[in-house]
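Peer 1: model this:
(chains A, B, C and D)
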Protein chains: 2
Amino acid sequence: MDAKKAEKISKALADPNRLTILKEIKKSKSCLYCVDLNNTINLAQPSIAHHLKLLIDSELVTSDKEGRNVRYYLNSKLLDEYIAFLEAFKI
Amino acid sequence: MDAKKAEKISKALADPNRLTILKEIKKSKSCLYCVDLNNTINLAQPSIAHHLKLLIDSELVTSDKEGRNVRYYLNSKLLDEYIAFLEAFKI
DNA sequence: TTTATTTATTGAAATATTTAAATATATCTA
DNA sequence: TAGATATATTTAAATATTTCAATAAATAAA
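Peer 2: Below you'll find the model as predicted:
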């Protein structure tokens, strides 16, 4: 992973609502419908959509359309690559 | 580590110049004088000082005054805690 | 003690991010 | 097909971040 990609992922992680989304994806056992986030996150629907977009643009989260719902998944392979990038700062 | 702390660390990591600083700290074999960054990073001195401050505020970097120089170190214990926080998003 | 060097702070401009209202799109259900 | 539901996009306002010039503070060297 190059620094530009790591920067984008760091930005995606640099917001409390996006960290909550990742936690909810974990809690939902591997997937999550967007509509469920409206109960958890105290933001208007377009704001939640915006945060999901940033997570998807960073590729930390992948999505999967099911009818009119969308399921969200953590891209744990990319998370591992990001962690490896961070580990490289250590001596 | 709580989400608030992880958010702060993510923010600290969400800038190309700050990633460069961390890389330079690594390259300098565990420590670095601020003045050395002026050659590596194409920013005015107050901008570099600002980025160093954010890294120090996040506690990812510690500093150590030596005369009129300051040495910078990676806080690898905190980096490990941050990585553990991220790992917890995985199923 | 004067001058130079290193780092930090302040203030202001430029840019980026976050948020929500309004609206659009897609799909489901009656 | 009409209405309901889920998600996305556009636009604009509020807020935060990045950057640098000017300046301050601390220490070293002459």
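Peer 1: what's around the residue nearest to A:Ser58 when sequence neighbours are not counted, how many residues?
Peer 2: The spatial neighbour of A:Ser58 that comes closest, neighbours along the chain excluded (C-beta to C-beta, 6 or more residues apart in numbering or on different chains), is A:Ala12 at 3.7 Å. C-beta coordinates here come from the backbone N, C-alpha and C atoms, glycine included. Residues contacting A:Ala12 under the criterion other C-beta atoms under 10 Å in any protein chain shown number 24.
Peer 1: Could you check the helix or strand hosting A:Ala12 and say which residues are buried?
Peer 2: Remark: A:Ala12 resides in helix A:3-13, with elements defined by DSSP states H and E. Buried positions in helix A:3-13, judged by neighbour count with 16 or more other C-beta atoms under 10 Å in any protein chain shown: A:6-13.
Peer 1: Repeat that for stretch A:15-30.
Peer 2: Neighbour-count burial for stretch A:15-30, with 16+ other C-beta under 10 Å as criterion, is recorded at A:15, A:17-22, A:24-25.
Peer 1: which ones among those come in contact with DNA strand C?
Peer 2: Among those, proximity to DNA strand C is found for A:15, A:17 (C-beta under 7 Å from any atom of the strand).
Peer 1: Appreciated, that's everything.
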